[in-house]
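> Kindly return the folded structure for what I paste below:
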Amino acid sequence: MPVSENYKQSDTKAESKHLRAEDYDLDKKWRLTVEDVTMEMMPARDGKPARNRLILLFVGKEKGLVLNATNQGFMEARMGIHPNGWIGASVVLHRTTTVYGEKTVPAFRLIEAKKGVSRPVPPPPPIEVDPLPEDVDDFDDGGDPSVPF
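Reported below is the predicted structural model:
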């Protein structure tokens, strides 16, 4: 079977549960909202030991973005050190390239991060109360009659 003209490296790789840059076209950008931040132990790779990595999960998306040192530093600089403070942030994810070792490889870069826009909370519905009686002169509380109220 001949190879299609729009072949991507990802066509021959196993499915991943995380976003992979090689699965997307160069220079694509997405505005996303951070739904959650988790931590996962990633296996050893390229001679580096297994280690915990932060993963951004996005509203309405199945796959999360595993943060490398560059993207984690970007989020920390703009959104604060603690990842729980990143939830609700609006980010722009850019598919680009970077140099890794001696090769140019596909990469994701976070290029914008802003606190989530808080939506105004609608006021509660009015409380329904019974109207006051029209004739309050008939009310006798047994108090001092000289007090005018």
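
> Check the offset of stretch 35-46 from the chain's centre.
Relative to the centre of its chain, stretch 35-46 is centred 16 Å away, using Cα atoms, centre = their mean, to the nearest Å.

> That stretch: which residues count as buried?
residue 37 (16 or more other Cβ atoms under 10 Å). Glycine gets a C-beta too; all of them are placed from N, C-alpha and C.

> can you point me to the longest strand in this protein?
Among the segments of the chain that qualify as a strand by DSSP state E, the longest is strand 29-42.

> and the angle for whatever helix or strand comes next after it with strand 29-42?
Using DSSP states H and E, the next helix or strand after strand 29-42 towards the C-terminus is strand 51-58. If you take axes from the mean of the first three to the mean of the last three Cα atoms, to 10 degrees, strand 51-58 sits at 150 degrees to strand 29-42.

> Check what pLDDT residue 116 gets.
We have a pLDDT of 75 for residue 116.

> likewise residue 122?
The score at residue 122 is 68. That number is its pLDDT.

> what do you get for the one 3 residues further on?
Note on residue 125: pLDDT of 79.

> Just give the number of residues close to it.
Burial measure for residue 125: 6 neighbouring residues, criterion other Cβ atoms under 10 Å.

> Quick check: it vs residue 132, distance?
From residue 125 across to residue 132, the span is 21 Å (Cβ to Cβ, to the nearest Å).

> so what's the spatially most central residue of the chain closest to, chain neighbours aside?
Centroid-nearest residue in the chain, with Cα atoms, centre = their mean: residue 34, separated by 0.6 Å. Nearest non-adjacent residue to residue 34, counting by Cβ to Cβ, 6 or more residues apart in numbering: residue 89, 4.6 Å away.

> Run through the neighbouring helices and strands of the longest strand of the chain.
On a contact count with 3 or more Cβ pairs under 8 Å, 6 or more residues apart in numbering; DSSP states H and E, strand 29-42 meets strand 51-58, strand 90-100.
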